[in-house]
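A.B. asks: next one to model:
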Amino acid sequence: MDDEVMRLQASLKEGIPSRLPPHPGLDQGVDHAPNRRQILDSDEKLLAIQNALRYIPSEHHEAMAVEFLDELNSYGRIIMRRYRPVEYSMKAYPLSAYPAQCQQAASIMLMIQNNLDPDVAQFPHELITYGGNGSVFQNWAQYRLTMKYLCEMTEEQTLVMYSGHPLGLFPSHANAPRVVITNGMVIPNHSSQDDYERMNAMGVTQYGQMTAGSYMYIGPQGIVHGTTITLLNAARLHLGLDDESDLSGITFITSGLGGMSGAQAKAATIAGAACIIAETNAHAAYKRHEQGWLTTVTESIDEAIDQMVAAAHRKESISVGLVGNIVELWERCVERNIRVDLGSDQTSLHNPYQGGYFPADRTYEESAQMLSAEPEQFKTEVQATLRRHANAINSMAENGMYFWDYGNAFLLEASRVGADVLNDDGSFKYPSYVEDIMGPLCFDYGFGPYRWVCTSGLPEDLATTDAIAASVLRRMRDNASDDVRQQINDNLRWIEQAGNNNLVVGSQARILYADDVGRREIALAMNRAIADGTLKGSVVLGRDHHDVSGTDSPYRETANIRDGSMFTADMAVQNAIGDAFRGATWVSLHNGGGVGWGEVINGGFGMLLDGSSEADQRLQNMLHWDVNNGVARRAWARNTGAVSAIQRAMDGESRLKVTIPELVEQSLLDTLRGEVE
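C.D. replies: Here you go, the predicted structure:
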C-alpha cells in the first residue's frame, strides 16, 4: 500500500479532527466561485455561525467563530476552508483503497471524491461540481463526517443525507439503499431564489443541481452524448440532414464551458460541425482546452468568427473557445451578417444573479467584483444583457438560424425581464430542445443517459464495458422496430467511437443513451463479466437525472407533456421511492437542477454491480421501473411514441399493466369548442 493511500485511509476514518488542522490557504491552482452577495442580517449571521459550530469540537468554538464570521462576510457563506483535506489528492481511487466495511459504501466514497476532483469539478474547493452552485456538500466538515460514516457503515445500515448534512447511520437491512439523499426539499411557499440564498447562507440547505448532490457527476462527458444527439437531430429536423450524414459545413454558436456546458465543444466536433463556444471565465476555457475538449482558444471575437467560417467552408470540424461574452459575440455576428445554422445557450441561467450569467461589456473580474460589492447594479446589468441577448438571437433567427433553449432557463429568465422572447399568446418564440427534439425522439421511447463508472480505475475495464454495450446494441438493432432503429444505430455508432474521442475526465466513466431493455441487458452482461473476471473490478451504474423518469421540469425534461400535468412532480418523487425499494445502492431527490430552484424536482440513483446473483436481481427490478415509470406517465399524456413504447414493455413483461389513455376524436373537441367559448 503506497503512502498516499495510507494517508487517505487515516484521514477518512478520522472524520472531523479533534485538533485544529492548519489552514491550507486559498489555492490559486484551481478556479474559485465568485463571492456571493451579502443577504443575511446580523441575527441570521449569528445563527449561521451557531449552525456551523455544531460540527466543531467545543474547545475550538471561540477561534472558529471568528474564522467562520470572516468567511461569511467574505464569501457569503461558510465553507470551512480550514477543514479541506490536503494530505491526499482528491480523486476517485480504486475501490480497494477505501477503508470501508462493505463494497457499496466504498463505491459511494469513490463517486463523492470523483465529484470533487479538481479535474472534474467546476469550483472544487467550494465543493461545487457544476452549474455555478451545484454542490456535493455545503462545507468541508460535512464531507469529512460523511466519509467517516461511510467507512463505518455495514450492510445493515443506511446513511441519511439532509442537503449535504449527514444526519447519521440508521438501522436498515441489506436490500435497503446504503444512502438516501435529499437536497433543497423545502415547503413550496419557501422555494424562491431568495429563500434558497438565505437558507444556504445559514447552512441549512443546498442546491444539489442534478448529479452533483447525487454523487453521479462524471465531468462534461455526462452530457456529451446527449448533446451530440441533439445537434444531429436538430440538423435532421431543421436543415434537411439525412440520417447517415454528419455536420460537415454546418456552423453552431453557443456559450458556456463550465461543467455540463463544456460538453458542447466536444459534441460539436464529434458531429463534424464548426462551432464557437463563448465563456467569460478564462480559467474555464483554458482548462477545457488543456483537457482536449476544445480545438483552440482565442480572446478575439473576430478571430473566433473567422476560424469558424473558414472551417465550415472547408467542411472541417473545429471548436473555438472564445474568452468573452456570448452577447457581444452574437451582436458582432449580426453586424458582420454572419450566417449561423444552429444556435443555443448553456450559461447557468438557473442562477442568474449569483454568478451563473455575467453582464456584457465587462471583464470576468469586474463582474465578479460587482456581484459581491454591488449586487443590485449587477442584477440591473444582467437584466439589460438578457434583453440584448434576446434581440441578437432574434436577428440571427430572422436570418435563418435555428435556435433552441438548451434547458438552462434562458427563455424563462429572459421573459422575466421583458426580453422579446414571447409570442402573442404568451408561449416562447423558441422551443426547448426537449420539447422539440429529445422528448419526442428519445424520452418518450425510454431512451436516456445511462452511465457507468469502472471502480478499478483501469482504462482496459472501460474499453471492455464499451465492447459489451456495443455487442448488446448490435443485437437490439437487428430486431428493432422502425420507430427506434435510428436511435439504436446512433447509440451504437457513439459507443463504437467513444474510446477514440478522449472523453474521460476523472474516473473511468462512460455514458450511452439506452432504453429499458438496453440498460438491463448491458448491466446484466457487465455483472457477468465481473463475476467471471473479464472485468477486473466492480461497476457503478447511474444516469443523469435529465432522463425519461427522473425529473419533472416543465421547461426542460417534461416540456413535451401537454395534458396539463407539466407542473406536477409525482413522477420524480415516485421514481426515487420506487428505486429505493427495488435495489438501488443510493437514491436522491432534489429541488432544483438545470433550470433553477423552485422550478424542478428531480430524482437519481446509483447502483453497484459486484458480480453477484443479488445484483442481477436488483438491476432487473430497478432499471425496469426506473425507465418505465416515465414512459407510462408520458403515454398517459397521450404522447404517441410513449404509447407504443409502453405497449412493447407490457408485451415483454406480463406483470406490467399500465393504464392507457382513450384518445378523443379532434372533431368532437372542435364541436365542443363552440359550447365552451
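
A.B. asks: let me see the ranges of the helices in the stretch 301-450 of the chain.
C.D. replies: Secondary structure of the stretch 301-450 of the chain (DSSP state H, counting those that start in this stretch): helices located at 301-313, 326-336, 364-373, 375-398, 410-416, 433, 439-441.

A.B. asks: out of the ones you listed, which gets nearest to Arg144?
C.D. replies: helix 364-373 (27.4 Å; Cβ to Cβ). Yep, even glycine has a C-beta here, placed from its N, CA and C like the rest.

A.B. asks: tell me the angle of that closest one relative to helix 375-398?
C.D. replies: Inter-element angle recorded for helix 364-373 and helix 375-398: 130 degrees (by axes from the mean of the first three to the mean of the last three Cα atoms, to 10 degrees).

A.B. asks: by contact count, what packs against helix 364-373?
C.D. replies: If you count contacts as 3 or more Cβ pairs under 8 Å, 6 or more residues apart in numbering; DSSP states H and E, helix 364-373 packs onto helix 375-398.

A.B. asks: okay but Ala463 is in contact with Ala498, surely?
C.D. replies: No: using Cβ atoms under 8 Å, Ala463 is not in contact with Ala498, being 9.4 Å away.

A.B. asks: who has more neighbours, those two?
C.D. replies: Per other Cβ atoms under 10 Å, whichever of Ala463 and Ala498 has more neighbours is Ala498, with 24 against 15.

A.B. asks: and the longest strand seen in the chain, average pLDDT?
C.D. replies: Ranked by number of residues, the top strand in the chain under DSSP state E is strand 601-609. The average of the pLDDT scores along strand 601-609 is 97.

A.B. asks: how about Glu643, secondary structure?
C.D. replies: Not quite, residue 643 is Val, not Glu. Here Val643 is helix, with the state taken from DSSP: H, G, I helix; E, B strand; the rest coil.

A.B. asks: and the closest residue to it other than its chain neighbours, what element?
C.D. replies: Excluding the flanking residues, the one nearest Val643 by Cβ to Cβ, 6 or more residues apart in numbering is Ala635, at 4.6 Å. Here Ala635 sits within helix 613-636, counting by DSSP states H and E.

A.B. asks: can you pull the buried residues of that helix?
C.D. replies: Residues 615-616, 618-636 are the ones in helix 613-636 that count as buried (16 or more other Cβ atoms under 10 Å).

A.B. asks: residues in contact with Gln142?
C.D. replies: Tyr55, Gly164, His165, Pro166 (Cβ atoms under 8 Å, 6 or more residues apart in numbering).

A.B. asks: low pLDDT regions in the stretch 451-600 of the chain?
C.D. replies: Within the stretch 451-600 of the chain, no stretch has pLDDT under 70.

A.B. asks: what mean pLDDT does the helix or strand that contains Gly222 get?
C.D. replies: Following DSSP H and E, one finds Gly222 within helix 221-238. Mean per-residue pLDDT for helix 221-238: 87.

A.B. asks: now do the buried residues in it.
C.D. replies: Quick answer for helix 221-238 (16+ other Cβ under 10 Å): 221-236.

A.B. asks: ok, the closest residue to Asn337 other than its chain neighbours to Gln354 distance?
C.D. replies: Leaving aside its chain neighbours, Asn337 sits nearest to Asn399 (7.5 Å; criterion: Cβ to Cβ, 6+ apart). Separation of Asn399 from Gln354 (Cβ to Cβ, to the nearest Å) stands at 34 Å.

A.B. asks: circling back: now for the helix holding Gly222, which elements pack on it?
C.D. replies: helix 263-271, strand 342-343, strand 448-454, helix 482-497, strand 509-514.

A.B. asks: hmm, who's touching the helix or strand just after that helix?
C.D. replies: Toward the C-terminus, helix 221-238 is succeeded by strand 251-255 as the next helix or strand (DSSP H and E). Contacts to strand 251-255, defined as Cβ under 8 Å, 6+ apart, come from residues 231, 261, 264, 268, 273-279, 308-309, 312, 326, 329-330, 333, 339-347, 406.

A.B. asks: quickly run through the sheet partners of strand 251-255, with directions.
C.D. replies: Using DSSP bridges, the strands paired with strand 251-255 are strand 274-279 (parallel), strand 342-343 (parallel).

A.B. asks: pull the CA atoms of the longest one into PDB?
C.D. replies: So the one you mean is strand 274-279. Extracted as PDB, the C-alpha positions of strand 274-279 are listed here (Å, rounded to 0.1, in the frame of the first residue of the first chain):
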ATOM      1  CA  ALA A 274     -17.600  24.200 -36.900                       C
ATOM      2  CA  CYS A 275     -18.500  25.900 -33.700                       C
ATOM      3  CA  ILE A 276     -17.800  28.800 -31.300                       C
ATOM      4  CA  ILE A 277     -18.400  28.400 -27.500                       C
ATOM      5  CA  ALA A 278     -18.200  31.700 -25.600                       C
ATOM      6  CA  GLU A 279     -17.100  31.700 -22.000                       C
END
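
A.B. asks: who touches that strand?
C.D. replies: Strand 274-279 is contacted from outside by 249-258, 261, 264-265, 268-269, 285, 288, 294, 304-305, 307-309, 311-312, 316-326, 329, using Cβ under 8 Å, 6+ apart.

A.B. asks: could you pull up the residues touching the nearest residue to Asn489 once chain neighbours are set aside?
C.D. replies: Closest residue in space to Asn489, ignoring its immediate chain neighbours: Arg477 at 5.9 Å, by Cβ to Cβ, 6+ apart. Arg477 is in contact with Arg485, Ile488, Asn489, Leu492, counting by Cβ under 8 Å, 6+ apart.

A.B. asks: what's the distance between Asp424 and Ala559?
C.D. replies: Distance of Asp424 to Ala559, given as Cβ to Cβ: 20 Å.

A.B. asks: right, and the helix or strand after whatever helix or strand Cys151 lives in?
C.D. replies: Remark: Cys151 resides in helix 140-152, with elements defined by DSSP H and E. Where DSSP H and E defines the elements, the next helix or strand beyond helix 140-152 is strand 157-162.

A.B. asks: report the angle between the helix holding Gly222 and strand 509-514.
C.D. replies: Using the same axes, to 10 degrees: helix 221-238 against strand 509-514 is 30 degrees.

A.B. asks: what about helix 221-238, distance to the chain center?
C.D. replies: How far helix 221-238 lies from its chain's middle: 16 Å, per Cα atoms, centre = their mean, to the nearest Å.

A.B. asks: between that helix and helix 482-497, how many degrees?
C.D. replies: Using the same axes, to 10 degrees: helix 221-238 against helix 482-497 is 130 degrees.

A.B. asks: most remote residue from the middle of the chain, which is it?
C.D. replies: Distance from the centre of the chain peaks at Glu675, with 46.3 Å (Cα atoms, centre = their mean).

A.B. asks: state the distance from that residue to Gly564.
C.D. replies: In terms of Cβ to Cβ, Glu675 sits 20 Å off from Gly564.

A.B. asks: ok, now Ala584?
C.D. replies: Distance of Ala584 to Gly564, given as Cβ to Cβ: 31 Å.

A.B. asks: quick one, which of these two is more surrounded?
C.D. replies: Legend: neighbour count by other Cβ under 10 Å for Ala584 and Gly564, higher for Ala584 (30 against 8).

A.B. asks: so the more buried one makes contact with Leu623?
C.D. replies: No: the criterion here is Cβ under 8 Å, and Ala584 misses it with Leu623 at 9.7 Å.

A.B. asks: please export the C-alpha coordinates of the strand or helix carrying the residue farthest from the centre of the chain as CSV.
C.D. replies: In this assignment (DSSP H and E), Glu675 forms part of helix 666-676. The C-alpha trace of helix 666-676 is given here as CSV (Å, rounded to 0.1, in the frame of the first residue of the first chain):
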residue,chain,number,x,y,z
GLN,A,666,-60.5,16.0,-32.8
SER,A,667,-63.8,16.5,-34.5
LEU,A,668,-65.6,16.1,-31.1
LEU,A,669,-63.4,18.7,-29.5
ASP,A,670,-64.0,21.1,-32.4
THR,A,671,-67.7,20.7,-31.9
LEU,A,672,-67.4,21.3,-28.2
ARG,A,673,-65.3,24.4,-28.6
GLY,A,674,-68.3,26.5,-29.6
GLU,A,675,-70.1,25.4,-26.4
VAL,A,676,-67.2,26.3,-24.1
